[in-house]
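Asks: Structure for this input, please:
(one chain, ligands or ions: 1)
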Amino acid sequence: MRKIATLVTIAGIMVTQMFSAVPAMADTNQNYADAFQKSILFYEAQWCGPDAGDNRLPWRSACHTEDGKDVGLDLTGGFHDCGDHVKFQITNQYAAATLGWDYYEFKDTFKAKGQDQYMLHILKHFTDYFLKLHTDRNTLYYDVGNGDIDHSYWGPPELQDTIQPNSRPTMGKITPNNPGSDICGGTAAALAIMYLNYKDIDSTYANKCLTAAKEIYDLGNNYRGLSKQFGGYYTSSNYWDDLAWGGVWLYQATNDKTYLTNAETILQQNNVSQYYAFNWTHCWDNVLGGTLVELAKVTNDQTYKTVAEGGFRHWMNDVSKSSGGLCSFQTWGNLRYVTAECMTMLAYNKTFPNQSYVNFAKGQIDYILGNNPKGMSYEVGYGSNYPKFPHNRAASGRKEFAPYNESKKQPELNIIYGELVGGPSSSDSYNDDIEDYTYSEGGIDYNAGFVGALAGLTEVYGQSQTPSVIPGLQAAKWLKTTPTPTPTPSGLLGDLNKDGVVNNTDLALLRNYLLNHKGTIDKSIWDVNKDNKINVLDYLKLGKIIKS
Ligand SMILES: [Zn+2]
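Replies: Predicted structure coming up:
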C-alpha cells in the first residue's frame, strides 16, 4: 500500500510540474465562481418596484409602488441604495454603468457560469428606470426618497409606504436651468453600455437606450454644472470625469468621433496628461479609473496607458497594507474601493496583459473571501464564517423595529447573499454590528466593481469551478427556462445535502455521521424526529420517510 501511495504522490508531483505554466485551479482555495454568482444575487435584494417579488429571493416582494406620484409620474423601479431605501441616482447610475462594464468585459464568463440572464435582467431594471426618469430630451429626474426621513425608518422596504407615508418625494430634476452634468454623464454611460450589451438581444430596446443616452449626454454636456444634492449624502466632486466616461462609451456605441474628441478634450482641459497622478480609484464619485482603461483600449494612446498604469503601481506599491495584506485605502466602506481597483486592473489586463495586475487582484480578493487573519469572508453568505449583522433593512426584515429602534441586536432574518460589506479595519479586525455601518454596510456601488473582479478571476482561475446551490431560492418568475441548477428550498426536513430532495443519499450521509460524528450538521434539518438529538432514531425515521 505504502509503495502505491508513494508512486501516486510522485505521479502527482510530475503532473503538477508539467502543468505549472498553466493558470491552475490549484492556485486558489476560493471558489470564485460561487462568490461571483452570489455577488450578482445581491442586486435582487436591493430591487425596488412592483416586480421586486419576481426574482429569486422569496423574502422580497413589491415595494415603493407609488414612487413618482408626487410629480404625476411612474418612477417605480431602480435599486435601493445601501442599507436604506433611497434611490440616489449617483449610485444607481454608477452601479448600472460599472455592472454593464463588468458584463461587457467578461461576457463569456457570465455565460459560462449561467449568470448572464440574471445580470442582463438586473441591468435592464436599471435602464428601465432611467428611461422613466428621462421624460423629454431636456429633463432628467433624479433621487427618489428623502434621505433624512428614510434613515429614521428601520423596517422592510415592503412596509415603508404604509408605516411611513410621504417619505419618498421626488427630489431632483435636471433641466437646462438646473444642470447636473455629473449625473447626466454617468446615466448616459450606463445607457450607452446597455445598448452595447443588448443590441444583439433586443435591438428595439437597445436603440431606445442609445437615443436616451445621446439626449442625456447632450443635456449634461451643453448645460454644465454639478447636480444639486439633497441632505449631503452623495456630493459629487467634479463632473468632468463623468462627461469623459459618458463620451468614451457613446463613442464605442456609435463610432461617432465627436464623443471621443469631447472626452479627450475634457481630460486635456483637466490636465490628465502623462504626468498626471491618478491616485484614486473607480468609484461613485470618480469614474476616471474606468475612463482611462476604455480610452487606452480604444485609442492605444500612451498618455492614457501611462496614467492608468501609474495608478495601478500606486495601489500595488504605495497604498498602505494591513498586516494581513489588505489595501487600506479609506475607513468608510474600504472594500468598495479595493474591489473596484481589482476590476479596473483585470479589465486593463484583458487588452494589455500584465500578470502583476492579476496577482494583485487575486491577493486582495482572496483576502476578502477568507484568506485573512480572522479567517472570515466579507461577502455575506460566502463560506461559513461571514457577517451576520450587515447593516441592511431589507435583510433585517424586522418590522417590529419600524419605524426605528436603536437596539438592532438580533441577527438579520434573511441572509443577504453576496453583499460585500465595508470590511475590516486597517488592523484586520471586524466588528460584526449592524450599527457599525462604516464597516458593516454594503451597497449597490460596493458590489459593482466586486462583480467584475470576481468575473475576471473566475475567467483566469475558475474555468472548472461551479457555483454552489444557494439554499432557499425560488425560481425567478420571469425566467422561461432554467439554465442553472434549480434553486432548492432550504430547511426541508431530512434533506441533509440540501439538494431539494429527500432520498437515500441523505440516509447515507446520516449513517456516516452516526458512525464517525465528523462534519457540520444543521440540526433543523437533521433532527428528523424532532427530539433535539441526532441518533439512530432519526436514521430509522428518515428511512421510513424515504420509503413512504
Ligand atoms: Zn423599494
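Asks: In CSV, could you pull the C-alpha coordinates for whichever strand or helix holds residue 39?
Replies: Secondary structure from DSSP states H and E places residue 39 in helix 32-45. Below are the C-alpha coordinates for helix 32-45, written out as CSV (Å, rounded to 0.1, in the frame of the first residue of the first chain):
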residue,chain,number,x,y,z
TYR,A,32,-14.6,32.5,-7.4
ALA,A,33,-17.5,31.2,-9.5
ASP,A,34,-19.6,30.8,-6.3
ALA,A,35,-18.6,34.2,-4.9
PHE,A,36,-19.3,35.6,-8.4
GLN,A,37,-22.9,34.3,-8.6
LYS,A,38,-23.6,35.5,-5.1
SER,A,39,-22.3,39.0,-5.8
ILE,A,40,-24.9,39.3,-8.6
LEU,A,41,-27.8,37.9,-6.5
PHE,A,42,-27.2,40.8,-4.1
TYR,A,43,-28.9,43.2,-6.5
GLU,A,44,-32.1,41.2,-6.2
ALA,A,45,-32.2,42.1,-2.5
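Asks: is it fair to say residue 312 lies in a helix?
Replies: Yes. When the secondary structure is assigned by DSSP: H, G, I helix; E, B strand; the rest coil, residue 312 falls within a helix.
Asks: What is the burial count for the closest residue to it other than its chain neighbours?
Replies: Excluding the flanking residues, the one nearest residue 312 by C-beta to C-beta, 6 or more residues apart in numbering is residue 345, at 5.6 Å. Quick note: C-beta positions are derived from backbone N, CA and C, even for glycine. The burial metric for residue 345, expressed as a neighbour count using other C-beta atoms under 10 Å, is 28.
Asks: From residue 311, how far off is residue 345?
Replies: Taking C-beta to C-beta, to the nearest Å as the measure, residue 345 and residue 311 are separated by 9 Å.
Asks: How about residue 175?
Replies: Residue 175 sits 35 Å away from residue 311, going by C-beta to C-beta.
Asks: need the contact list for residue 74.
Replies: The neighbourhood of residue 74, defined by C-beta atoms under 8 Å, 6 or more residues apart in numbering, consists of 67, 68, 132.
Asks: Reduced to three states, what does it come out as?
Replies: At residue 74 the chain is in coil, as set by three-state DSSP.
Asks: Walk me through the regions of the stretch 351-500 of the chain where pLDDT falls short of the threshold, as ranges.
Replies: By pLDDT under 70, the weakly predicted segments of the stretch 351-500 of the chain are 399-409, 481-491.
Asks: if you go through it in chain order, where are the helices?
Replies: If you assign secondary structure with DSSP state H, counting those that start in this stretch, the helices in the stretch 351-500 of the chain sit at 355-369, 393-396, 437-440, 444-461.
Asks: and if you look at the stretch 151-300 of the chain?
Replies: 157-163, 181-198, 203-222, 240-254, 257-269, 288-299.
Asks: wait, residue 311 sits on residue 292?
Replies: Yes. Under the contact definition of C-beta atoms under 8 Å, residue 311 touches residue 292, with a separation of 7.3 Å.
Asks: So what's the gap between the helix holding residue 39 and the chain middle?
Replies: 7 Å (C-alpha atoms, centre = their mean, to the nearest Å).
Asks: So which of the contacts of residue 74 are in helices?
Replies: residue 132 (DSSP state H).
Asks: Pull out the buried residues from the contacts of residue 74.
Replies: 67, 68, 132 (16 or more other C-beta atoms under 10 Å).
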